[in-house]
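Asker: Here is a sequence together with a model predicted from it:
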Amino acid sequence: HQVAFAIDRWIARHARRQGVTQDVYISDAMATDRAAKLYCILRDANALVSETGDSGLAAQIVTRSNEIRLAYGVPQQRTELGLLLRDCFAAKRGIVKARPFPSTPPPTGPWVLSWPQFEAIIGVFSEPKSSVEACVANLVDPRKPLPTQPPRYVRRFCHFFERCGCVRFAEEMALTVATDLQAVKAAIDTFTLAEAVEAAGFHGDIGESAATLDAMAKGEQSEALTAEAAVRTELRALGATYLDRHGIKFLVSAKGKTAPEMLAILKGRLSNPSEVELHNAKEALWEITAKRLDAEPADTVCHDVAMLLKKHGVAGASICSALPTGAPQTITFGDSIRGKRAANPDCFFEIASLSKSIGSAFAIQYFGNRGIPIESSVNSVLSECGSPFRLTHKTWGDKVQLVHLMSHCALNMHYVNGIPLNEKMLDVLQLIQGNERYGYPPVDVVHEPGTKFQYSGGGFLVLQHIIEAFENKPIWSLIDPFLRELHLESCITFDPVAPGFPVAHGYGDDGKEVVGTRKMFPAFAAGAYATSSGMLGFLRALQAGYEGDRSGAITPSTARLMLTGTDKGCREFMGVLMGVGIFVGEAGPNRFAIHQGANDGFRSVFLSCFEGPDAGAGVVIFANGDNRAMFFVAEALQRILLELNVEGVDFSKFMNQEVSVDSVPPEEIVNYGYKNVSDQTLSATPD
């Protein structure tokens, strides 16, 4: 707001000097980078005034709704401003001869450009953090240039707009982490008639001369441009008839087509119903856009991740990522069931130890609602719920607290073992008491509670048992209302069988399917199934609670407890700190929630920024593979982090050496890749 105020004073001073009235409206939602851009726009707007020599220009700039409005004070002169801006736009795009601007000015209101169009005209690009200081400095001398490197959003907006021509489409695609052609097609399929007309207006008319086309259109229509004049004339004439009949100009993917071929297509479509032609127009826009994106992609994320999947021989993967602003984006690769079902955004994966984070949030609030502090003795709570189980260590048994169960600082049992899906899932009490068949030793205390980190799935078995003993119901039915409150009941389940959910099959490093297609695990320790978008949805709810939102399912006190980290040896294990049910790391000014997961035939990880300038950025990766999938997940995580470009991450330290699965000790293999990511990119500074 200080920047905006300074700009306002600058406007007033220069307006008086040139006899120009300029009104600026800055909405509360406007970021400081837009304030800096406003300065640039006003600077260049004054240059436009000087070029026209019209001292009676009144320019109104409105930033609401991503819209820039410019208008002459005298209505008759609006067309002249439009012509000037059109010429600037044409020169910027390398167009030799621009299309005629409407000769009649609008009867009311200003001549309107979208914000991105106006930026493209004037060439205003500024990096938010650096441009604000430069903006203030330049208030003294408005002739000094500002930085010209476009931020990611502007760069991607321009890229997608030039390949399709629809502002809404470009805005949506600019906020994605990766260019996913399936998402591109889905977005174009939703175009209204008005949006299809808008996009069509950006593309050159079939049969027009090369002088009216931009570089991409010239290349696409290269064969048509050399056609005989009579064919091109007929194309233009029938094109005009088509436009009058259907309300949208004729669209076809011209690349590789001759003028006679396009003329035949036009004749065949001319008499179709208009609703059919709207569909055909969207199909043509999709084909044009896809070919342009294939020739010059905005990024190579999907290609790179697909190559990593192939490199490590992993069956399939689901990745959901998000920028600080914008909706989460899910991209999938390979198969959820080899050779039978492709991975898709609705596919469920075993999320393994990521279950601990969801279970902890639920448990903390469950005990709070029962009036049981999480500092309560586990043995006393076991007695209260009527359980026959006790922690029997003579010295430390009664000192274990509920919070120790979720922060890995009391009990044994590193990872938990699974039970084949085609067998019966055991009650968790049978597991914590010890079960030789499935490799479960009795759960007990291994060191003084609260003093030393030692990863413990056993703590989460006891946690689950206590809640089930209180309610005399399976944990999956008890946690369902919590998931519904999070609006995640359709994308996360703790039911060990997961009936009705499309769950991926698990695969070993030899490519063989896990016995029974997958194994069942104790719910809180490693037993949940989820889509990658569902997991990211939980992390965003956790962030909202951390930021103080009291309207969500996760309270601020729960979120802050979970996201407060300590070391106690956790740094050696994971390269970061241990919160409650979740790991916590830092990269410069940003703080991250982190967890890895490993079940038989499945690997997973999440990393989500919950505090700092990149708060809201995050990624969840699921894969149905074993140890080789761990390396895939670690490398894919690094590739996504490169695209997110979060502040504070040292990208120069990313893993660049080849590591063989066989060269890593068995007890370290599960955590090896994730620890290297944390060690090399994040720090672990205690609160």
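Answerer: Perfect, I can see it now. Quick caveat, the model's predicted, so the values are computed rather than measured.
Asker: Flag the shaky bits of the stretch 201-350 of the chain, pLDDT-wise.
Answerer: Within the stretch 201-350 of the chain, the segments meeting pLDDT under 70 span 207-214.
Asker: quick one: the helices in it?
Answerer: In the stretch 201-350 of the chain, the helices defined using DSSP state H, counting those that start in this stretch lie at 215-220, 222-225, 229-246, 259-269, 274-295, 301-312.
Asker: Can you lay out those as JSON lines showing distance to residue 321 and mean neighbour count?
Answerer: For every residue, glycine as well, the C-beta is placed using N, CA and C. Converted to JSON lines, those look like this (distance: least, C-beta to C-beta, whole Å; neighbours: other C-beta atoms under 10 Å):
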{"stretch": "helix 215-220", "distance to residue 321": "29", "mean neighbour count": "17"}
{"stretch": "helix 222-225", "distance to residue 321": "38", "mean neighbour count": "17"}
{"stretch": "helix 229-246", "distance to residue 321": "39", "mean neighbour count": "15"}
{"stretch": "helix 259-269", "distance to residue 321": "39", "mean neighbour count": "17"}
{"stretch": "helix 274-295", "distance to residue 321": "19", "mean neighbour count": "18"}
{"stretch": "helix 301-312", "distance to residue 321": "9", "mean neighbour count": "17"}
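Asker: Need these in JSON lines (columns: distance to residue 520).
Answerer: As requested, these are arranged in JSON lines below (distance: least, C-beta to C-beta, whole Å):
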{"stretch": "helix 215-220", "distance to residue 520": "53"}
{"stretch": "helix 222-225", "distance to residue 520": "60"}
{"stretch": "helix 229-246", "distance to residue 520": "57"}
{"stretch": "helix 259-269", "distance to residue 520": "55"}
{"stretch": "helix 274-295", "distance to residue 520": "42"}
{"stretch": "helix 301-312", "distance to residue 520": "26"}
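Asker: what residues does stretch 535-549 touch?
Answerer: By C-beta atoms under 8 Å, 6 or more residues apart in numbering, the list of residues contacting stretch 535-549 from outside reads 320-322, 328, 351, 354, 357-358, 361, 486-488, 491-492, 552-556, 558-560, 562-563, 593, 606, 608, 610-611, 615-616, 618-620, 622.
Asker: Of those, keep whichever come out buried.
Answerer: 320-322, 328, 351, 354, 357-358, 361, 486, 488, 491-492, 552-555, 558-559, 562-563, 593, 606, 608, 610-611, 615-616, 618-620, 622 (16 or more other C-beta atoms under 10 Å).
Asker: Return the set of buried residues in stretch 586-600.
Answerer: Under the neighbour-count criterion of 16+ other C-beta under 10 Å, stretch 586-600 has 586-587, 590-600 buried.
Asker: tell me which of these is nearest to residue 288?
Answerer: Of all those, residue 288 sits closest to residue 590, with 38.9 Å by C-beta to C-beta.
Asker: my read: that closest one touches residue 647, true?
Answerer: Yes: the criterion here is C-beta atoms under 8 Å, and residue 590 meets it with residue 647 at 6.0 Å.
Asker: that older thread, ok, which of the helices of the stretch 201-350 of the chain comes nearest residue 198?
Answerer: Minimum separation from residue 198 across those (C-beta to C-beta) falls at helix 274-295, 10.5 Å.
Asker: List of residues touching whichever strand or helix holds residue 185?
Answerer: Element membership for residue 185, per DSSP states H and E: helix 181-189. For helix 181-189, contacts defined as C-beta under 8 Å, 6+ apart pick out 164, 166, 169, 172-173, 176, 282, 285-286, 289-290, 293, 302, 329, 331.
Asker: redo that, cut-off 7 Å
Answerer: Helix 181-189 has contacts (C-beta atoms under 7 Å, 6 or more residues apart in numbering) with 169, 172-173, 176, 282, 285-286, 289-290, 293, 329.
Asker: Which of these sits closest to residue 157?
Answerer: Of all these, residue 157 sits closest to residue 173, with 7.9 Å by C-beta to C-beta.
Asker: how far away is residue 527 from residue 389?
Answerer: 19 Å (C-beta to C-beta, to the nearest Å).
Asker: out of these two, which sits in the busier spot?
Answerer: A direct count of neighbours by other C-beta atoms under 10 Å for residue 527 and residue 389 places residue 527 higher, at 29 against 20.
Asker: any idea how far that one is from residue 347?
Answerer: Distance of residue 527 to residue 347, given as C-beta to C-beta: 18 Å.
Asker: out of the helices of the stretch 201-350 of the chain, nearest to residue 474?
Answerer: Smallest distance to residue 474 across the helices of the stretch 201-350 of the chain (C-beta to C-beta): 35.3 Å, for helix 301-312.
Asker: which outside residues touch the closest one?
Answerer: Outside helix 301-312, the residues that touch it by C-beta under 7 Å, 6+ apart are 177-180, 317, 319, 331, 333-334, 628-629, 631-632, 635-636, 639, 643.
Asker: Among those residues, name the buried ones.
Answerer: Buried members of these, counted by 16+ other C-beta under 10 Å: 177-180, 317, 319, 331, 333-334, 628-629, 631-632, 635-636, 639, 643.
Asker: any idea how far the nearest residue to residue 399 once chain neighbours are set aside lies from residue 380?
Answerer: Among residues not flanking residue 399 along the chain, residue 449 sits closest, at 4.8 Å (C-beta to C-beta, 6 or more residues apart in numbering). From residue 449 across to residue 380, the span is 14 Å (C-beta to C-beta).
Asker: who has more neighbours, the two?
Answerer: residue 449 (24 against 12).
Asker: Leaving out sequence neighbours, find the closest residue to residue 603.
Answerer: residue 629 (4.1 Å).
Asker: can you check residue 641 too?
Answerer: Nearest non-adjacent residue to residue 641, counting by C-beta to C-beta, 6+ apart: residue 649, 5.9 Å away.
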